[in-house]
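Asks: Make a model of this:
(one chain, ligands or ions: 1)
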Amino acid sequence: MTTIFDKIIRRQIPASIVYEDDLTLAFKDVNPQAPVHLLVIPKEPIPQLAQAEPSHQALLGHLLLVAQRVAAEVGLTNGYRLVINNGQDAGQTVFHLHIHILGGRPLAWPPG
Ligand code: 5GP
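Replies: All right, here's what the predicted structure looks like:
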């Protein structure tokens, strides 16, 4: 199923892209929940974490390292939170796997 993130990957709709490589893309969330709110996505359209497979092991690790790199590049030296919403109860709205990077303010715990 095509999602809005496929369209961002294909440059069919605009996004503020902060990082790209062969396997991943990172861009600003259009509805930021913190001063810094970025999304890191694989170019391969895995709908959600629950549908990732053992063959995705390296890609999943790469996504975390991209998140680490992007967070450092945007200056989140005081900490940040990574979030993956998986499925309905977690509030997932776009069914293309993505890691939220949230930072730039203290983040409450537990999340809602
Ligand atoms: P989810 O709720 O699925 O974990 O997160 C989806 C995220 O995608 C939301 O934070 C939402 O603001 C963001 N989003 C939805 N549509 C667009 C879009 O067209 N462009 C960008 N940059 N972000 C989007």
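
Asks: Residues contacting stretch 13-26, please?
Replies: When contacts are taken as CB atoms under 8 Å, 6 or more residues apart in numbering, the neighbours of stretch 13-26 outside the stretch itself are 4, 7-9, 27-28, 30, 38-44, 59, 62-63, 66-67, 69-70, 73-74, 101. C-beta here means a position set from N, CA and C on the backbone, and glycine is covered the same way.

Asks: Let's see that with 10 Å instead.
Replies: Surrounding stretch 13-26, the residues in contact under the criterion CB atoms under 10 Å, 6 or more residues apart in numbering are 4-9, 11, 27-30, 38-44, 58-59, 62-63, 65-67, 69-71, 73-74, 98-99, 101.

Asks: Of those residues, just the buried ones, PyMOL syntax please.
Replies: Buried residues within the contacts of stretch 13-26, as defined by 16 or more other CB atoms under 10 Å, are selected in PyMOL through the command that follows:
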select buried, resi 5+6+8+9+27+28+29+38+39+40+41+42+43+59+62+63+66+67+70+71+74+98+99+101
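
Asks: Restricted to helices, list the contacts of stretch 13-26.
Replies: Restricting these to those inside helices, with DSSP state H as the criterion, leaves 4-9, 58-59, 62-63, 65-67, 69-71, 73.

Asks: Among the residues you listed, which ones lie close to the ligand?
Replies: Filtering the ones in helices among the contacts of stretch 13-26 for proximity to the ligand by CB under 6 Å from any ligand atom leaves residue 4.

Asks: and the chain, which residues reach the ligand?
Replies: By the criterion of CB under 6 Å from any ligand atom, the positions of the chain lying close to the ligand are 4, 15, 27-31, 39, 85, 91-94.
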